[in-house]
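[1] Okay, structure incoming, though there's no sequence with it:
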């Protein structure tokens, strides 16, 4: 039992980040599920992280309340953001939402009350690995219930052919906005959890690179299934731990090696497995079927 | 204004300098199959796109049961009982035939989100009912055996029939069919003709854009003929087929 506890202590942070990154990847997936590339999630996570932190540290709110508000506030912000930005689509939507994320980050850098670029430190560590995983499980459950329901079919219809979906009575704008709100809540939840796990928040933790990470998790895992993004997040979060062991053998520092391998994984998935890791079983089955002599 | 379920009055739509629909007026009666024919580029599909709300008119009125619908979004028009198919098939290719029809039932289904989230039996029952209804509709268009097939794997004729089933799934009062038999073999065309008649007998109106003259003459109660966006003739199939302007539009003026 002793070694089990030690392993847990060593890898606690990795385990927590599997859950946090899973939540963030799912937050990007919500809008992807109706075909919208919205990338404001680093901004939503930042709002959630700061809101939850200020509530526990300045207002002395119970952690549960702080966490809930950390999810609700970005969800509220998503409404006035979504109303105008969903009038544009594709790469323009991506650029506009990235812009939103940067506005949030730069706003925080210039906000004296929260120590600007230095951020807030010594946040009480209230989030546990178990809580993070519970939140991830809850998010997966909600998404699994949407999949295959009337609303799930509406989302798929919007993704595949939006004008056709609208002629079937589907209010595409409302669905897109709802998914942005849900994604914002998930990102905010992850932000609040992260702040209370790592004791600190700083604006630069929510820079553009963060939302790129989320998108890479989703693409590598695959967006054809609701659990794909969480799978991709788990895979890419565990990868550095493996690489740490491998790096002395190949003579490359763990940091650069991680970037190299991440890039290769992304490239390999896009080239050979465009539906992501979730499509691996189907891909293997097909390959085996083709190999079998006719 | 002429009476009818659907009234189109002085409808206009321009694309740049082109008048695709030019002061077109006609009315579709309840329970009638109304043909909309004309040479290529006459503006037939544009009329369908205007009525279903995918395009906004440049002028004129579209009135459904006394209520103006021009300017409403497509989902608002669908909610008032208008469904359509597409000339260039627009099924959801990665969904099965059944799931395509389930999407078509969007306006008819009233599931409870709470029941679905809490895994209640009422949610499962509602889904089973919807699934059964989808299977029935596919059976009605002769695709009982293809329910679980992805739309992209169906033949051209089968895809067209799934589109009709998907449109019928919303139980529309007005069904807009944009060349439903394009690319079909004669046997399939006969099946679609029977289906259109059956739909009209059920009290629904059909606005049918079609190039197959035999089918149009067979199933339509009234026909409006468009040429260069204008109505050049209207009447029963027999009247229209004798009309000099129609013959000229299709075959050219006799010297």
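    Perfect, I can see it now. Keep in mind the model is a prediction, meaning the values are calculated, not measured.
[2] Just give me the longest helix of the chain.
    As the question left the chain open, I've gone with chain A. helix A:2-32 (DSSP state H).
[3] wait, chain B
    Secondary structure of chain B per DSSP H: the longest helix is helix B:121-140.
[4] In terms of secondary structure, what does that helix contact?
    Helices and strands touching helix B:121-140, by 3 or more CB pairs under 8 Å, 6 or more residues apart in numbering or on different chains; DSSP states H and E, are helix B:97-104, helix B:113-117, helix B:156-168. C-beta here means a position set from N, CA and C on the backbone, and glycine is covered the same way.
[5] got JSON lines for those helices, with mean neighbour count, mean pLDDT and distance to residue A:268 too?
    Formatted as JSON lines, these follow (neighbours: other CB atoms under 10 Å in any protein chain shown; pLDDT from 0 to 100; distance: least, CB to CB, whole Å):
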{"stretch": "helix B:97-104", "mean neighbour count": "27", "mean pLDDT": "97", "distance to residue A:268": "31"}
{"stretch": "helix B:113-117", "mean neighbour count": "15", "mean pLDDT": "93", "distance to residue A:268": "37"}
{"stretch": "helix B:156-168", "mean neighbour count": "24", "mean pLDDT": "95", "distance to residue A:268": "35"}
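[6] which ones are touching residue A:105?
    Contacts for residue A:105 (CB atoms under 8 Å, 6 or more residues apart in numbering or on different chains) come out as A:42-43, A:46, A:203-204, A:206-207.
[7] out of the residues you listed, which is most surrounded?
    Using other CB atoms under 10 Å in any protein chain shown as the neighbour criterion, residue A:43 leads the contacts of residue A:105 with 31 neighbours.
[8] before we move on, which element is that one in?
    Take DSSP states H and E as the rule and residue A:43 turns out to sit in helix A:41-57.
[9] Quick check: closest non-adjacent residue to residue 110.
    Unless you meant another one, I'm taking chain A. residue A:116 (6.4 Å; CB to CB, 6 or more residues apart in numbering or on different chains).
[10] that's the wrong chain, I meant chain B
    Excluding its sequence neighbours, the residue lying closest to residue B:110 (CB to CB, 6+ apart) is residue B:126, at 7.8 Å.
[11] hmm, back to that, test my guess that the residue nearest to residue A:110 contacts residue A:202.
    No - judged on CB atoms under 8 Å, residue A:116 makes no contact with residue A:202 at a distance of 9.3 Å.
[12] Return the closest of the contacts of residue A:105 with respect to chain B.
    Closest approach to chain B among those (CB to the nearest CB): residue A:43, at 27.4 Å.
[13] okay but that closest one is in contact with residue A:101, surely?
    Yes - applying CB under 8 Å, one finds residue A:43 in contact with residue A:101, separated by 3.6 Å.
[14] shared neighbours of these two, anything?
    residue A:206.
[15] how about residue B:112, phi and psi?
    In terms of degrees, to the nearest 10, the main-chain angles of residue B:112 are phi -100, psi 130.
[16] separation between the nearest residue to residue A:207 once chain neighbours are set aside and chain B?
    Counting by CB to CB, 6+ apart, residue A:207 lies nearest to residue A:105, which is 6.0 Å off, once chain neighbours are set aside. Look at residue A:105 and chain B: by CB to the nearest CB, to the nearest Å, they are 34 Å apart.
[17] circling back: show me what counts as buried in the longest helix of chain A.
    Buried residues in helix A:2-32, counted by 16 or more other CB atoms under 10 Å in any protein chain shown: A:15-32.
[18] thinking again about what came up before, which of the helices or strands spans the residue nearest to residue A:207?
    helix A:90-109.
[19] any idea of the angle that helix forms with helix A:2-32?
    Using axes from the mean of the first three to the mean of the last three CA atoms, to 10 degrees, the inter-axis angle of helix A:90-109 relative to helix A:2-32 is 120 degrees.
[20] Okay, helices next: where are they in the chain?
    Unless you meant another one, I'm taking chain A. A:2-32, A:41-57, A:63-85, A:90-109, A:129-146, A:150-160, A:162-167, A:172-198, A:208-221, A:228-250, A:254-272, A:280-291.
[21] I was after chain B.
    In chain B, the helices defined using DSSP H lie at B:44-52, B:74-79, B:97-104, B:113-117, B:121-140, B:156-168, B:186-201, B:213-219, B:237-242, B:244-251.
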